[in-house]
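*Asks:* quick one, what's the 3D model for this:
(one chain, ligands or ions: 1)
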Amino acid sequence: MKHLIDPTDLTKQEIGEIISLAQDIIAHRERYQGSMSHKKLATLFYEPSTRTRLSFTSAMMELGGKVLGFSDARSSSVSKGESVQDTVRVLGCFADVIAMRHHIEGAQLYATEVSTVPIINAGDGSHSHPTQTLTDLLTIQRELGHIDGITIGFCGDLRFGRTVHSLIKALSRYKDIKVILIAPDELKLPDYIKQDVCERTGIPYREVTTMEEVMGELDVLYMTRVQKERFLDEDEFDRVKDSFVLDAARMSLAKKNMAVLHPLPRVNEILTEVDADPRAAYFRQVENGKFVREALIVKLLEWKDDPEHGMPADETPVEDPELRCPNKKCICNNEHAPHRFRRTENGVLRCWYCDSKVK
Ligand code: NCD
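*Replies:* Here you go, the predicted structure:
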């Protein structure tokens with residue numbers, strides 16, 4: 001069965017099909033209204049969300065389907081100690097597809113092991129956020145007319161920003177991408193993305209510490225919020241919270257057709273004076289998110305029983321009772337998920353569920 005847990009669960013061809021369908025939905029909305037009548041989407045949100053959850057809800061409503069679920073785990077049986085796997089087993093009896101957000105990394109991947117319906121990862125901790133990635137790709141396609149060949153600058157919290165991690169993974173499917181990482185030392189991109197994604201797939205990346213030195217090179221500037229809720233140390237958060245701010249003066253250094261993306265919510269990293277600039281694409285991006293989620297729901301239900309569209313064949317997991325995942329926020333340290341690992345091409349052992357380095 002096809003789930004969407006990580007952006008690399010989709011081939012470039014499948015991403016292309018979802019983006020094309022989203023564009024067709026935008027052009028002919030009336031053709032798709034009612035196409036999901038009698039279908040139900042369950043939204044299981046264990047972590048706060050405005051955009052993502054309502055975007056899924058709105059997408060399913062546009063298609064004529066129904067939505068059920070919870071937006072606060074305290075109001076569900078989770079508060080009685082129910083496991084993620086039991087919750088999805090139950091929800092599979094009520095819904096045709098599940099969108100789940102969880103603060104525990106790898107929770108959705110663990111849930112797929114027992115699910116009878118497709119699961120969509122709507123964000124797991126600071127790990128992955130593949131439907132934001134589809135939103136970003138559709139936005140880049142619509143703003144610039146192409147994805148291959150772009151130079152993209154990621155700015156802000158590259159350490160905890162799951163949208164950044166996921167988009168870089170997906171861009172590794174495209175040709176001639178150049179990545180520029182703009183972040184203070186404390187918020188640098190995790191090594192596993194640099195090594196296992198950029199270096200392994202040959203995406204050139206450069207790390208810089210000011211926006212000014214690279215603004216003129218960028219086709220896309222991807223701004224992010226500093227993820228306060230993921231910091232363990234408040235002083236560290238205070239030191240970096242105002243690191244990079246996009247204003248009109250910095251925009252004047254950029255190309256005439258550069259697109260500014262932001263997954264939102266913004267705090268103060270883009271001044272409102274930038275909103276009126278035609279290159280500010282972040283509110284158009286929100287609407288694209290609804291269309292791309294419509295396309296994703298349609299495609300996942302179409303692909304559900306099609307052997308051509310299974311999950312990617314993965315390596316056999318390494319199981320060793322002596323080894324432990326070091327990440328306290330990983331599913332295997334929070335529920336009874338096994339401590340299971342995969343060996344990457346450069347010989348590093350990583351957690352099967354959250355990608356943390358083991359040794
Ligand atoms: C992002 C997220 O939840 O990771 N928002 C979103 O899904 N639109 C970014 C963020 O919270 O900063």
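*Asks:* what does this protein have sitting close to the ligand?
*Replies:* Neighbours of the ligand within the chain, by Cβ under 6 Å from any ligand atom: Arg51, Thr52, Gly123, His129, Gln132, Arg162, Thr163, Arg225, Pro263, Leu264. Quick note: C-beta positions are derived from backbone N, CA and C, even for glycine.
*Asks:* change it to 5 Å
*Replies:* The chain has residues Arg51, Thr52, Gly123, His129, Gln132, Arg225, Pro263 near the ligand, with proximity defined as Cβ under 5 Å from any ligand atom.
*Asks:* tell me the SS of the fifth one?
*Replies:* Following DSSP: H, G, I helix; E, B strand; the rest coil, Gln132 is assigned to helix.
*Asks:* what is the neighbour count of it?
*Replies:* Residue neighbour count, defined by other Cβ atoms under 10 Å, stands at 25 for Gln132.
*Asks:* show me the shaky parts of the stretch 101-250 of the chain.
*Replies:* Low-confidence segments of the stretch 101-250 of the chain, defined by pLDDT under 70, span residues 232.
*Asks:* what sits closest to Pro317 if chain neighbours are left out?
*Replies:* Spatial nearest neighbour of Pro317, chain neighbours left out: Arg340 (4.4 Å); criterion: Cβ to Cβ, 6 or more residues apart in numbering.
*Asks:* beta partners for that neighbour?
*Replies:* With DSSP bridges as the criterion, the beta-bridge partners of Arg340 are Glu319.
*Asks:* surely it is in contact with Glu315?
*Replies:* No - using Cβ atoms under 8 Å, Arg340 is not in contact with Glu315, being 11.1 Å away.
*Asks:* for those two, indicate the residue with more neighbours.
*Replies:* Using other Cβ under 10 Å as the criterion, Arg340 and Glu315 rank with Arg340 on top: 17 against 11.
*Asks:* how much space separates the more buried one from the ligand?
*Replies:* Relative to the ligand, Arg340 is positioned 25 Å away (criterion: Cβ to the nearest ligand atom, to the nearest Å).
*Asks:* so who does that residue touch?
*Replies:* Contacts of Arg340 were listed using Cβ atoms under 8 Å, 6 or more residues apart in numbering, and they are Pro317, Val318, Glu319, Cys332, Cys351, Trp352, Tyr353.
*Asks:* what's around the last one, how many residues?
*Replies:* Tyr353 has 27 neighbours, counted by other Cβ under 10 Å.
*Asks:* for the nearest residue to Ser79 once chain neighbours are set aside, what are its contacts?
*Replies:* Using Cβ to Cβ, 6+ apart and skipping the chain neighbours, the partner closest in space to Ser79 is Ala73 (6.8 Å). The contact partners of Ala73, by Cβ under 8 Å, 6+ apart, come to Phe45, Tyr46, Ser79.
*Asks:* now Ile98: how far from Thr139?
*Replies:* Ile98 sits 25 Å away from Thr139 when distances are taken as Cβ to Cβ, to the nearest Å.
*Asks:* between these two, which has more neighbouring residues?
*Replies:* Under the neighbour definition other Cβ under 10 Å, Ile98 and Thr139 were set side by side, and Ile98 has more, 28 against 22.
*Asks:* the more buried one against Val117, yeah?
*Replies:* Yes - Ile98 is within contact range of Val117, at 6.0 Å (criterion: Cβ under 8 Å).
*Asks:* CA atoms only for stretch 276-292, dumped as PDB, please.
*Replies:* Output for stretch 276-292, consisting of C-alpha atoms alone and laid out as PDB, is shown next (Å, rounded to 0.1, in the frame of the first residue of the first chain):
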ATOM      1  CA  ALA A 276       3.000  43.600  -1.000                       C
ATOM      2  CA  ASP A 277       6.100  42.700  -3.100                       C
ATOM      3  CA  PRO A 278       4.900  40.500  -6.100                       C
ATOM      4  CA  ARG A 279       7.800  38.100  -5.300                       C
ATOM      5  CA  ALA A 280       6.300  37.300  -1.900                       C
ATOM      6  CA  ALA A 281       4.600  33.900  -2.700                       C
ATOM      7  CA  TYR A 282       3.900  32.700   0.800                       C
ATOM      8  CA  PHE A 283       0.100  33.400   0.900                       C
ATOM      9  CA  ARG A 284      -0.300  31.900  -2.600                       C
ATOM     10  CA  GLN A 285       1.700  28.900  -1.200                       C
ATOM     11  CA  VAL A 286      -1.000  28.300   1.400                       C
ATOM     12  CA  GLU A 287      -3.700  28.000  -1.300                       C
ATOM     13  CA  ASN A 288      -1.400  25.700  -3.300                       C
ATOM     14  CA  GLY A 289      -1.300  23.500  -0.200                       C
ATOM     15  CA  LYS A 290      -5.000  22.900  -0.400                       C
ATOM     16  CA  PHE A 291      -4.900  21.900  -4.100                       C
ATOM     17  CA  VAL A 292      -1.900  19.700  -3.700                       C
END
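*Asks:* other residues contacting it?
*Replies:* Taking Cβ under 8 Å, 6+ apart as the rule, stretch 276-292 contacts 18-19, 22-23, 25-26, 51-52, 55, 58-59, 62, 131-132, 134-139, 142-143, 223, 248, 251, 254, 256-264, 266, 270, 274-275.
*Asks:* which ones among the residues you listed are found in strands?
*Replies:* Counted as lying in strands by DSSP state E, out of these, are Met223, Ala259, Val260, Leu261.
*Asks:* of all those residues, which two lie farthest apart?
*Replies:* The two members of these with the most space between them (Cβ to Cβ) are Met223 and Ala259, at 11.1 Å.
*Asks:* between these two, which contacts overlap?
*Replies:* Contact criterion Cβ under 8 Å, 6+ apart; residues shared by Met223 and Ala259: none found.
*Asks:* next up, the contacts around the residue nearest the centre of the chain.
*Replies:* Taking Cα atoms, centre = their mean as the criterion, His129 is the residue nearest the geometric centre of the chain, at 1.7 Å. His129 makes contacts with Asn121, Ala122, Gly123, Arg162, Thr163, His165, Ser166, Pro263, as judged by Cβ under 8 Å, 6+ apart.
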